[in-house]
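Visitor: test case, fold it:
(one chain, ligands or ions: 2)
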Amino acid sequence: MNVLVIGSGGREHALVWKLRQSPQVERLFCAPGNAGIARQATLVPIKAADIGGLAAFAEREKIDLTVVGPEQPLVTGIVDEFRRRGLAIFGPTQYAAQLEGSKVFAKDFLTRYSVPTARFGAFTAEQEAEAVRFAESLVPPVVVKADGLAAGKGVLICGSRGEAIEGIRSMLRGGFGDAGRRVVVEEFLTGEEASIFVLTDGERFATLAPAQDHKRILDGDLGKNTGGMGAYAPAPVVTSALLTRVTREIIRPTLDGMRQDGYPYTGCLYVGLMITESGPKVLEFNCRFGDPEAQVVIPLIDADLAAVLMAVAQGRLDPATVRQHPASAVCVVMASQGYPDDYPTGREILGLDRPAVDDGVVVFHAGTKEEGGRVVTAGGRVLGVTAVGYGHDLEGTIRTAYGAVRQITFDGAYFRSDIGARALHHLTRNGR
Ligand code: AMP
Ligand code: GLY
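Guide: Ligands and ions are numbered 1, 2, ... in the order given. Reported below is the predicted structural model:
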């Protein structure tokens, strides 16, 4: 089987790393990839947004399966284009990808199928006065969201009604580009967040190990939001009873609803949950694997990933084949000093091969590139240092991950020192 992975981050490195282990995979390509991915796949210099270029490449190289990492090409219809050309591809259609691409679409859908989510109102630029009135009716904090893709910057958590009104005005008046032409205003949910990935062929589905991301830049979940500074799985906050409830109240009605609407959802559905006192509620859907969560969830899959993703793409998934290792995984993101604001690039990374594979450590590359035989930093999030603990508990896995982080150096390397701490807290509280 010839496989093409689209994207260039830690998520795509995790996909490539796992696909490389499949005996079925002959040639493996990644467009555009990074320095770490280059060790396991042939890099193709085509951007993820160049749908025509990617489809032409897949035809020319006789690619049997294409796996899409990031949301952008999905939201702009890469799956529809590949299918039109008779090419197998893993991901949702453009219509189905609106579950991530449009917050208004997602909230309307959730309401129609009675899936639990935060109480909300959706407004266009002409409805600014109504939006403001609705925001005034909520008890702060109030959440204001731009409708479209905004690269993680489209959500404002407003501490006061005044701040919410300011946010609504700035979004609707074009401050957030096209993404903000419509807004969702919603109540603030309290609880703990978790991410659940569902692999589905539109009808049958398998859920992967629940994960938790660490979105803030500083320890203790303080400071600015980032793309994610680390993750671990399985997240003990998602007990098996809770997962049963999420399946019944959220996953099934969502997949059934999409099918009923005539647009079955295929690929990976990322369910972003808030576990509130009154039960799990949908914070957001994403139409792809999350990053960095993919870097812990994918290594925990005990199956031939190429076979599973192909079955999804061909509409014949057998959920029983998607087994999980009884293990835990922890990913610590090493970022460039200054991220998520401006940061330098081009700093040489040393020690990449020091962490021992035998200890269950995999160093996934995110923002790296090769320059004259050296690997240098090329992004905000540089590496996802991941440990998979088969034999020991989460605490041991966290220790292994941090041991590996300390063996890798680059000028200005920054990482959080408390990845997984919340899980330990849960486990201690439950006396395990
Ligand atoms: P979204 O892109 O919709 O997932 O929002 C990004 C992040 O904002 C989420 O992961 C939450 O941390 C936070 N968030 C979004 N909506 C809410 C809400 N209704 N209540 C509390 N936090 C929220
Ligand atoms: N880790 C959050 C995301 O991928 O959207």
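Visitor: could you pull out the helices for the stretch 51-200 of the chain?
Guide: 51-60, 71-75, 78-84, 98-101, 103-112, 128-136, 161-170 (DSSP state H, counting those that start in this stretch).
Visitor: between those helices, which gets nearest to His365?
Guide: helix 71-75 (19.9 Å; CB to CB). For glycine as for every other residue, the C-beta is placed from the backbone atoms N, C-alpha and C.
Visitor: other residues contacting the closest one?
Guide: Under the contact criterion CB atoms under 8 Å, 6 or more residues apart in numbering, helix 71-75 has outside partners 6, 48-49, 51, 54, 68, 91-92, 94, 97-98, 100-101, 149, 267, 286-288.
Visitor: from the residues you listed, list just the buried residues.
Guide: Among the contacts of helix 71-75, the ones that count as buried by 16 or more other CB atoms under 10 Å are 6, 48, 51, 54, 68, 91-92, 94, 97-98, 100-101, 149, 267, 286-288.
Visitor: so which of these are in strands?
Guide: Within the buried ones among the contacts of helix 71-75, residues falling in strands by DSSP state E are Ile6, Val68, Gly267, Asn286.
Visitor: ok, these vs ligand 1, which is closest?
Guide: Asn286 (7.9 Å; CB to the nearest ligand atom).
Visitor: quick check: closest non-adjacent residue to that closest one.
Guide: Of all residues not flanking Asn286 in the chain, Tyr270 sits nearest, at 3.6 Å (CB to CB, 6 or more residues apart in numbering).
Visitor: returning to what we had before: out of the contacts of helix 71-75, who's near ligand 1?
Guide: Checked against ligand 1 using CB under 6 Å from any ligand atom, these yield no neighbours at all.
Visitor: and the residue nearest to Asn286, how many residues sit next to it?
Guide: Residues within reach of Tyr270, counting by other CB atoms under 10 Å, total 22.
Visitor: for the nearest residue to Gly267 once chain neighbours are set aside, give me its contacts.
Guide: Nearest residue to Gly267 in three dimensions, chain neighbours excluded: Gly91, at 4.2 Å (CB to CB, 6+ apart). By CB under 8 Å, 6+ apart, the residues touching Gly91 are Val67, Val68, Leu74, Ile78, Val79, Ala97, Thr266, Gly267, Cys268, Cys287, Arg288.
Visitor: contacts only, for the residue of the stretch 251-400 of the chain found nearest ligand 2.
Guide: Ranked by CB to the nearest ligand atom, the top residue of the stretch 251-400 of the chain for proximity to ligand 2 is Gly290, at 3.3 Å. By CB under 8 Å, 6+ apart, the contact set of Gly290 is Arg11, Ser195, Phe197, Ala211, Asp213, Gly228, Ala231, Tyr270, Gly272.
Visitor: most neighbours of all those residues, which one?
Guide: Of the contacts of Gly290, with other CB under 10 Å as the count, Ala231 tops at 30 neighbours.
Visitor: helix/strand/coil for it?
Guide: strand (DSSP: H, G, I helix; E, B strand; the rest coil).
Visitor: mind listing what it touches?
Guide: Counting by CB under 8 Å, 6+ apart, Ala231 has contacts Ala211, Gln212, Asp213, His214, Gly290, Pro292, Glu293, Gln295, Val296, Val330, Cys331, Ile419.
Visitor: now, which of the contacts of Gly290 lie within strands?
Guide: Ser195, Phe197, Asp213, Ala231, Tyr270, Gly272.
Visitor: these: which ones sit near ligand 1?
Guide: Gly272.
Visitor: any idea which of the ones in strands among the contacts of Gly290 is closest to ligand 1?
Guide: Nearest to ligand 1 among these is Gly272, at 4.9 Å by CB to the nearest ligand atom.
Visitor: quick one on the thing from earlier: among the contacts of Gly290, which are in reach of ligand 2?
Guide: Asp213, Gly228.
Visitor: mind checking how far the residue sitting furthest away from the middle of the chain is from ligand 2?
Guide: No residue in the chain sits farther from the centre than Ala129, which is 34.5 Å out by CA atoms, centre = their mean. Using CB to the nearest ligand atom, to the nearest Å, we find Ala129 at a distance of 32 Å from ligand 2.
Visitor: where does the residue of the stretch 251-400 of the chain closest to ligand 2 land on pLDDT?
Guide: With respect to pLDDT, Gly290 scores 97.
Visitor: a helix runs through it, doesn't it?
Guide: No: checked against three-state DSSP, Gly290 lies outside a helix; its state is coil.
Visitor: contact partners of stretch 412-428?
Guide: 192, 212, 214, 217-220, 229-232, 235-237, 330-339, 343-344, 347, 382, 393-395, 397-398, 401-402, 405.
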